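Peer 1: this one's sequence-less:
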């Protein structure tokens, strides 16, 4: 469990993101509102569930092929060191929306509810004159929120908000509505295309949040046998029954590893082709040049590494995500791979800055716009990882600090701390904590963790 200090500070900081603070933001306050300034860009954020960073052909995956995501990266920028500050669906999603750490926005696990007073970047874009839409998976505890600043809100509550791959009933602006397309990824993409195709005088801001690639990993029928005869190079510590170990039954992965892994790959492929369908429509409508498109996952996923499945733990397979940005007006060297560290909390301030809108001071993320402009721009030096106990999963509370070269991890249980060199040991197989190197590094890492918990930034 995240310690009491952070809990107490969350309450004290809650007032920082209340609505009254931001009522004054308006289109007139933007540096791009002048008649001589360029037309404000459209915004599209596509979020997938449990999509691990290296499950793309652009990232070198040996099996899965993702031509649409590859195209997006070649026309924009792939961040090869993108992370979530909490590798769990609800906290991560709230961080994308608010630009805040979980201990500040309050959604600390999949059981703690969203606060309706929280301000999202959708609300800020609406105040700046944008047409806005949230389409897809909300998946934060309790009812759907009273989401301010959203013209179109399409989501679902079935199966605890997880939704289902086939015939998923929707809630459209508060009205229960049957799905028109039997497969959920296609249905949500259809609705996203309809939204951007509407005649309008304003720019648009779209948040498209897929159920995929979360379990049960049920691919569309035409992909049901894709990769069937492919031999997967699993990590050496994985075996056929790893999906039944370490509480994995709660993750819905009980059974053979190969069966689930290949269905996961198939669902990734379907997401990719729907991303391609959406990008084609964006281009057909003439919006491609003036639209910021961001693609990301809400956390990673283990496929046998560390003898784990699911996510939550502070290892690379869990905390690292795919993160692609395309904005032709700003990115003058498309195809570049950015190695600076960026986080889910960086999305909101980055979109605002890229659109020429003011970034609220309370946001804890750091804009990555300078990185889009220049390969030599400085990234952050360190950031805080946090995970709060999430019943019934057998994962203790976790706090950690990740730098460019190392990660230091502490647990709320009796599990001993861990320290890894992620450059020399990217799979985090050799814990340095009791080595001479570890003893030399430990004081600095512990101090850095303490400073981050107190709110210090290492930009």
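Peer 2: Perfect, I can see it now. Just so it is clear, the model here is predicted, and its values are computed rather than measured.
Peer 1: Quick check: the gap between residue 404 and residue 163.
Peer 2: 37 Å (C-beta to C-beta, to the nearest Å). In this view, the C-beta of every residue, glycine as well, is placed from N, C-alpha and C.
Peer 1: Show the residue spans covered by the strands in the stretch 101-250 of the chain.
Peer 2: 131-136, 152-155, 170-172, 175-177, 204-209 (DSSP state E, counting those that start in this stretch).
Peer 1: Can you lay out the ones you listed as a markdown table showing distance to residue 457, mean pLDDT and mean neighbour count?
Peer 2: What follows is these, written out as a markdown table (distance: least, C-beta to C-beta, whole Å; pLDDT from 0 to 100; neighbours: other C-beta atoms under 10 Å):
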| stretch | distance to residue 457 | mean pLDDT | mean neighbour count |
| --- | --- | --- | --- |
| strand 131-136 | 29 | 98 | 25 |
| strand 152-155 | 33 | 98 | 20 |
| strand 170-172 | 38 | 98 | 17 |
| strand 175-177 | 43 | 97 | 10 |
| strand 204-209 | 26 | 98 | 25 |
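Peer 1: which one of those lies closest to residue 358?
Peer 2: strand 204-209 (15.5 Å; C-beta to C-beta).
Peer 1: List the buried residues for the next helix or strand after that closest one?
Peer 2: Scanning forward in sequence from strand 204-209 by DSSP states H and E, the next helix or strand is helix 257-284. For helix 257-284, the neighbour count (16 or more other C-beta atoms under 10 Å) marks 257-258, 260-279, 281-282 as buried.
Peer 1: So in that sheet, which strands flank the next helix-or-strand element following helix 257-284, and in what orientation?
Peer 2: The first helix or strand that comes after helix 257-284 along the chain, using DSSP H and E, is strand 291-297. Take DSSP bridges as the rule and strand 291-297 pairs in its sheet with strand 42-48 (parallel), strand 323-326 (antiparallel).
Peer 1: hmm, who's touching the last one?
Peer 2: Defining contact as C-beta atoms under 8 Å, 6 or more residues apart in numbering, one finds that strand 323-326 is touched by 53, 69, 72-73, 75-79, 82, 292-297, 331, 334, 342, 368, 372.
Peer 1: If any of these are buried, put those into a ChimeraX selection.
Peer 2: Of these, the buried ones can be selected in ChimeraX as follows, counting by 16+ other C-beta under 10 Å:
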select :53,69,72,73,75,76,77,78,79,82,292,293,294,295,296,297,331,342,368,372
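Peer 1: Which ones among the contacts of strand 323-326 lie within helices?
Peer 2: Per DSSP state H, helices hold the following members of the contacts of strand 323-326: 69, 72, 73, 75, 372.
Peer 1: where's the fourth one relative to residue 66, distance?
Peer 2: For residue 75, the distance to residue 66 under the criterion C-beta to C-beta works out to 14 Å.
Peer 1: circling back: I'd like the ones in helices among the contacts of strand 323-326 laid out as TSV, including pLDDT and distance to residue 450.
Peer 2: Rendered in TSV, the data for the ones in helices among the contacts of strand 323-326 read as follows (pLDDT from 0 to 100; distance: C-beta to C-beta, whole Å):
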residue	pLDDT	distance to residue 450
69	98	38
72	98	39
73	98	37
75	98	42
372	98	32
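Peer 1: And those residues, which is closest to residue 103?
Peer 2: So of these, ranked by how close each gets to residue 103 (C-beta to C-beta), first place is residue 372, at 28.3 Å.
Peer 1: That closest one: what's it in contact with?
Peer 2: By C-beta under 8 Å, 6+ apart, the neighbours of residue 372 are 77, 325, 327, 330, 331, 354.
Peer 1: Show me these that map onto strands.
Peer 2: Among the contacts of residue 372, DSSP state E puts 77, 325 in strands.
Peer 1: Make JSON lines out of the contacts of residue 372 and add pLDDT.
Peer 2: Output for those, formatted as JSON lines (pLDDT from 0 to 100):
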{"residue": "77", "pLDDT": "98"}
{"residue": "325", "pLDDT": "98"}
{"residue": "327", "pLDDT": "98"}
{"residue": "330", "pLDDT": "95"}
{"residue": "331", "pLDDT": "97"}
{"residue": "354", "pLDDT": "98"}
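Peer 1: Residue 441: which of the contacts of residue 372 is nearest?
Peer 2: Nearest to residue 441 among these, with distances taken as C-beta to C-beta, is residue 77, at 31.5 Å.
Peer 1: Touching, the closest one and residue 334? I think so.
Peer 2: Yes. Here residue 77 reaches residue 334: they are 7.2 Å apart, a contact under C-beta atoms under 8 Å.
Peer 1: re the thing from before, buried deepest among the strands paired with strand 291-297, which one?
Peer 2: strand 323-326 (a mean of 26; mean count of other C-beta atoms under 10 Å).
Peer 1: returning to that earlier point: check the ones in helices among the contacts of strand 323-326 and tell me the two furthest apart.
Peer 2: 69 and 372 (17.8 Å).
Peer 1: tell me the phi and psi of residue 382?
Peer 2: phi -160, psi 160 (degrees, to the nearest 10).
Peer 1: contacting residues for it?
Peer 2: Taking C-beta under 8 Å, 6+ apart, one finds 401, 402, 403, 448, 452, 458 in contact with residue 382.
Peer 1: Dump the residues you listed into CSV; add secondary structure and neighbour count as well.
Peer 2: Formatted as CSV, these follow (DSSP: H, G, I helix; E, B strand; the rest coil; neighbours: other C-beta atoms under 10 Å):
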residue, secondary structure, neighbour count
401, strand, 26
402, strand, 27
403, strand, 18
448, helix, 21
452, helix, 21
458, strand, 14
